[in-house]
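1. need a 3D model of the following:
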Amino acid sequence: MKTKVIVLIAASAVLLIAIAVTVFATDRREPGDLVGPQEAYQMVREGKAILVDVRDRASYEAGHLAGALLVPLHLVGENADRLAGHKLTLITYCSCPAEETSTAAAMELMRRGVDDVLVLRGGIRGWIAADLPLRVGSRP
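-> Now for the predicted structure:
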């Protein structure tokens with residue numbers, strides 16, 4: 001009986017290690033996954049991603065993430081090919097408390113065949129809380 005318990009514990013430990021390695025050793029994300037502000041900022045700085053502001057023009061001009069492109073939600077579908085043409089990860093964001101608008105934008109992009117799209121966790125508020133760069137005006 002004692003041997004079975006030891007074997008069961010050892011097998012469980014091996015399985016947990018295999019799961020941990022799979023989860024933490026891969027950078028592969030699923031389309032539409034959330035990404036934190038610091039990681040998003042790093043991806044943009046490394047030239048791996050583009051920020052896509054899906055709010056309206058007035059909100060964008062009042063303050064947006066440095067380097068972000070303005071593509072309001074109602075224009076995301078018709079701009080899907082242009083955005084995908086950048087061949088970088090697209091990170092959508094908005095100012096909704098639960099990322100509703102940016103998630104809807106990501107879903108529209110995925111529906112149109114864009115599979116390298118993430119959603120910024122916390123949106124612009126999370127970015128501000130992380131003390132990351134903002135811009136005011138119409139310039140990205």
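2. give me the low-pLDDT residue ranges for the protein?
-> Judged by pLDDT under 70, the chain has its weakly predicted residues at 1-28.
3. could you pull out the helices for it?
-> For the chain, the helices defined by DSSP state H cover 2-25, 37-45, 57-62, 80-84, 100-111, 123-129.
4. flag every buried residue along the fourth one.
-> Meaning helix 80-84. Buried positions in helix 80-84, judged by neighbour count with 16 or more other C-beta atoms under 10 Å: A80, L83, A84. No exception for glycine: its C-beta is placed from N, CA and C like everyone else's.
5. pull the contacting residues for the last one.
-> Which is A84. Residues near A84 by C-beta atoms under 8 Å, 6 or more residues apart in numbering: L90, L109, G113, V114, D116.
6. what subset of those is buried?
-> L90, L109, V114, D116.
7. so the last one touches L90, yeah?
-> Yes: using C-beta atoms under 8 Å, D116 and L90 qualify as a contacting pair, with a distance of 6.5 Å.
8. how near is the closest residue to C94 other than its chain neighbours to Y93?
-> Excluding the flanking residues, the one nearest C94 by C-beta to C-beta, 6 or more residues apart in numbering is T101, at 3.8 Å. The gap separating T101 from Y93 is 9 Å, by C-beta to C-beta, to the nearest Å.
9. need the overlap of contacts for those two.
-> The overlap between the contact sets of T101 and Y93 (C-beta under 8 Å, 6+ apart) consists of V54.
10. out of the two, which sits in the more crowded spot?
-> Comparing T101 with Y93 by neighbour count (other C-beta atoms under 10 Å), the higher total belongs to Y93, at 31 against 21.
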